[in-house]
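# the amino acid sequence is not available; the structure is as follows:
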């Protein structure tokens, strides 16, 4: 154990450098081309088998993909910022990386998931904000790593290096899954349906942050994953002069407004927690024009997948009824989704023991999440085929809450997360 701690500590400066590089050049979901290129190059140089593009993403299962012109623009930007054109070409316009370490000895397959995407948030730029003060704040207007995924990705690359250093002590296979588009729960399903975890016996995901008060702590098991659906709606009506001939218009704004109110009138369910939120409603161009179109973004959540299905079914019924009421067309798009999932207690006990062996002073058995992460797609798939899966947390002091323009975390958590992941691999292989 001391050898692992020392080895991990020796590459801590590299972990911090990785994190700060990804923080400086953030990319939102489905545009993580520079990030993916950097990851793939490092894994290739270390000797991993690297898979990209349609080998790891089923195109028909992708949700919330931006327009192709936007993707082309982001690829051009990524290359200007140091991405490899050759690796970009191998991605087939789809970010994401899977690195595979073959030990050439029989044994199970262990997988770790690392999400890579940033958020559409403008980062604070004053000297009170450490990334700004120390010159690694976002270079991309309106985009920021405000949830720690830059740290997750750095740990994943550190783990790749650590595993190569201890390869002679391992058996079986390790998969390092660098997932695009976790925000909005849009990326995991396409990787699962492409077969990325079909052969996996043990699966781990983790998250850093969540505000430990004064030091890094470990949560062995995360509970309370809410199933969720993200839905985009477009109402198509007819513009008209609001004064001269309003009867000729079909008011898309009124349909959307009616839908927004009635969605929040869906009855809660006696079987457990349910949620709904209208996050975006845009419509209209001028005070004297009947709005001919409206766009909405909503989400449903449920304590179980069945409860979320209940919310989603009710929501879509309301959306369609409001279109019919105003004589409009209605286009509904599933933009993201994640099932509920529960981690395996057997793996939680192993994580807890690893933390104790590493000498961590603060270890919690479990923590309720109350939100969603599409790592649950991986968990559900692995468990459905007889494997084990777990989502743990490495809590650390943070400068502001997640998804805040001043979010930052104590970088000492990176090496601790690396030590935990390395020890888990050694324990199971």
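Received, thanks. Keep in mind that this is a model prediction, so the values were computed, not measured.
# quick one: the strands in the stretch 301-429 of the chain?
With strands called from DSSP state E, counting those that start in this stretch, the stretch 301-429 of the chain shows them at 329-338, 363-364, 367-371, 388-396.
# buried deepest among those strands, which one?
Highest mean neighbour count among those (mean count of other CB atoms under 10 Å): strand 388-396, with a mean of 25. (Each C-beta comes from the backbone N, C-alpha and C, glycine too.)
# could you give the angle of that one to strand 367-371?
Orientation of strand 388-396 against strand 367-371 (axes from the mean of the first three to the mean of the last three CA atoms, to 10 degrees) gives an angle of 100 degrees.
# mind putting the strands of the stretch 301-429 of the chain into TSV with distance to residue 148 and mean pLDDT?
Shown next, in TSV, are these (distance: least, CB to CB, whole Å; pLDDT from 0 to 100):
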stretch	distance to residue 148	mean pLDDT
strand 329-338	18	96
strand 363-364	18	94
strand 367-371	14	92
strand 388-396	9	97
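# can I get those strands in a markdown table including distance to residue 6?
Formatted as a markdown table, these follow (distance: least, CB to CB, whole Å):
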| stretch | distance to residue 6 |
| --- | --- |
| strand 329-338 | 38 |
| strand 363-364 | 21 |
| strand 367-371 | 29 |
| strand 388-396 | 19 |
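# do you know which of these lies nearest residue 112?
Of all these, strand 388-396 sits nearest to residue 112, with 10.7 Å by CB to CB.
# give me the sheet partners of that closest one and which way each runs.
When pairs are called by DSSP bridges, strand 388-396 turns out to pair with strand 202-210 (parallel), strand 217-219 (antiparallel).
# ok so, going back, how about the strands of the stretch 301-429 of the chain, which one is nearest residue 167?
strand 388-396 (22.9 Å).
# before we move on, the earlier item: looking at the strands of the stretch 301-429 of the chain, spot the one closest to residue 222.
Using CB to CB, the nearest of these to residue 222 is strand 388-396, at 4.3 Å.
# show me which helix runs longest in this structure.
When the chain is parsed with DSSP state H, its longest helix is helix 305-325.
# ok, back up a step: and the strands of the stretch 301-429 of the chain: which comes nearest residue 182?
Between residue 182 and the strands of the stretch 301-429 of the chain, the shortest gap by CB to CB is with strand 329-338, which sits at 9.2 Å.
# relative orientation of that closest one and strand 367-371 in degrees?
Here strand 329-338 runs at an angle of 170 degrees relative to strand 367-371 (the same axes, to 10 degrees).
# so which residues make contact with strand 329-338?
Residues outside strand 329-338 that contact it (CB atoms under 8 Å, 6 or more residues apart in numbering): 63-64, 184-186, 188-189, 225, 227-237, 255, 297, 316, 319-320, 322-323, 372-374, 376-377.
# again with stretch 44-57
36, 40, 43, 87, 90-94, 96-102, 160-161, 164, 176, 190-191, 194, 196.
# which of those residues are buried? Put it as a ChimeraX command.
Listed next is the ChimeraX selection for buried residues among the contacts of stretch 44-57, using 16 or more other CB atoms under 10 Å:
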select :36,40,43,87,90,91,93,94,96,97,98,99,100,101,160,161,176,190,191,194,196
